[in-house]
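Generate coordinates for the sequence data below:
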Amino acid sequence: MLKQRVITALVLLPIALGGFFLLDGATFAVFIGAVVSLGGWEWARLAGFTAQSQRVGYAALVAGLLFALYQLPVLAPLVLLVAVLWWCLATLLVIGYPASSRHWASTPVKLLIGLLILLPAWQGLVLFKQWPLANGLILAVMVLVWAADIGAYFSGKAFGKRKLAPHVSPGKSWEGLVGGLLTSLLIALGVGLYRGWALDECMLALAGAALVVLISVVGDLTESMFKRQSGVKDSSNLLPGHGGVLDRIDSLTAAIPVFAALLWLAGWGAL
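This next block holds a predicted model:
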């Protein structure tokens, strides 16, 4: 398993980094769209589609909607607003699981939820490329999420006692959550000090970073909730040793649109 993980990472890492940071405009949108569409193919399975034709059809629907959003950039603010509302609702669903499953157990509802998860993540990344610092914004949200994951892993291993969401993901603890959050906030503070931000700017940045990290945890738990309901361990076997695409981007699907919405509110980019 470890050998598989290493080989897959060595193959995919340069492709991912090149796609995220070297591509621009339509080529970037297509690259991210391909990743998101693969996520749609996986989500269809979690929603209850077992036939390959159904899953491919759902992935094609996702791709078609992404193309429509690219042609209609005026919809971007609405997409971000819907994403923020969805992730607030998802937080309640995760907290209330398994009782909350009665609200989303049907296949049509789960298919709709897949769109609420996937489309805004693509939209957020496309917006980042159009805004000041572009690649820096993409790197920032990735570092926040990855640092939180790493911090949560080690602090959870060392101090984890109280379960964060035992019905959804028994391995996660409150101690891990706090450790991951502090890790990301320390990095954000270091960046602020290095760039010479004023005190009020640092406080706003730390508050925003905390919100992005916390919502990324909701993104992770949301996918875990749907996988648990479906009785599967991984979203697919597309990435040997790593599971599926959704397993690798679940936290980012929540963090990206919320980060984009916060930047928009701060006047970072014109929509």
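
low-scoring stretches of the stretch 101-250 of the chain, by residue?
Counting by pLDDT under 70, the stretch 101-250 of the chain shows low-confidence ranges at 241-242.

all strands for this protein, in order.
With DSSP state E, the ranges of strands along the chain come out as 163-165, 169-173.

Among those strands, which comes closest to residue 66?
strand 169-173 (28.8 Å; Cβ to Cβ). All C-beta atoms are positioned from the backbone trio N, CA, C, and that covers glycine.

Show me what that closest one is in contact with.
152, 156, 159-165, 217, 220-221, 224 (Cβ atoms under 8 Å, 6 or more residues apart in numbering).

let's go with 7 Å and repeat that
156, 160-165, 221, 224 (Cβ atoms under 7 Å, 6 or more residues apart in numbering).

again, but for stretch 84-95
100, 104, 116, 165, 168, 215, 218, 221-222, 225, 254, 258, 261.

can you rerun that using 8 Å?
100, 103-104, 113, 116-117, 120, 165, 168, 215, 218-219, 221-222, 225, 254, 257-258, 261.

before we move on, back to that, rebuild the contacts of strand 169-173 as CSV, extending it with distance to residue 109.
CSV is the format used below for those (distance: Cβ to Cβ, whole Å):
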residue, distance to residue 109
156, 32
160, 33
161, 35
162, 31
163, 27
164, 25
165, 21
221, 18
224, 18
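
what two of those are the furthest from one another?
161 and 224 (19.9 Å).

So for these two, which sits in the more crowded spot?
residue 224 (21 against 8; other Cβ atoms under 10 Å).

Contacts only, for the more buried one.
165, 168-169, 250.

let's go with 10 Å and repeat that
94, 97, 165, 167-172, 247, 250 (Cβ atoms under 10 Å, 6 or more residues apart in numbering).

same deal with residue 22?
Here residue 22 is in contact with 28, 31, 135 (Cβ under 10 Å, 6+ apart).

any idea how far residue 253 is from it?
According to Cβ to Cβ, to the nearest Å, residue 22 stands 22 Å off from residue 253.

got TSV for the contacts of residue 22, with distance to residue 109 too?
Shown next, in TSV, are these (distance: Cβ to Cβ, whole Å):
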residue	distance to residue 109
28	31
31	30
135	36
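
Would you agree residue 82 is in contact with residue 119?
Yes. In this structure, residue 82 is within contact of residue 119 by Cβ atoms under 10 Å, at 8.6 Å.

Buried members of the contacts of stretch 84-95 into PyMOL, please.
For the buried members of the contacts of stretch 84-95, the matching PyMOL selection, counting by 16 or more other Cβ atoms under 10 Å, is:
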select buried, resi 100+104+113+116+117+120+165+168+215+218+219+221+222+225+254+257+258+261
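
Which of the contacts of stretch 84-95 fall in helices?
113, 116-117, 120, 215, 218-219, 221-222, 225, 254, 257-258, 261 (DSSP state H).

Thought residue 192 was touching residue 202, still the case?
Yes. Using Cβ under 10 Å, residue 202 is in contact with residue 192, at 4.2 Å.

hang on, the earlier thing: among the strands of the chain, which comes closest to residue 179?
strand 169-173 (9.1 Å).

Partner strands of that closest one and their direction?
strand 163-165 (antiparallel) (DSSP bridges).

How about the contacts made by residue 111?
40, 43-44, 46-49, 54, 58, 61.

for residue 151, same thing?
Counting by Cβ under 10 Å, 6+ apart, the residues that residue 151 touches are 176-187, 213.

which among these gets closest to residue 148?
In terms of Cβ to Cβ, no member of the contacts of residue 151 lies closer to residue 148 than residue 180, at 3.8 Å.

Report how many residues lie close to the closest one.
So residue 180, with other Cβ under 10 Å, has 28 neighbours.

same thing with the one 3 residues further on?
Other residues near residue 183 number 22, with proximity taken as other Cβ under 10 Å.

hang on, isn't it packed against residue 210?
No. The criterion here is Cβ under 10 Å, and residue 183 misses it with residue 210 at 11.7 Å.

Between those two, which contacts overlap?
144, 148.

rewinding a little: ok, of the contacts of strand 169-173, which one's closest to residue 35?
Of these, the one sitting nearest to residue 35 (Cβ to Cβ) turns out to be residue 224, at 20.0 Å.
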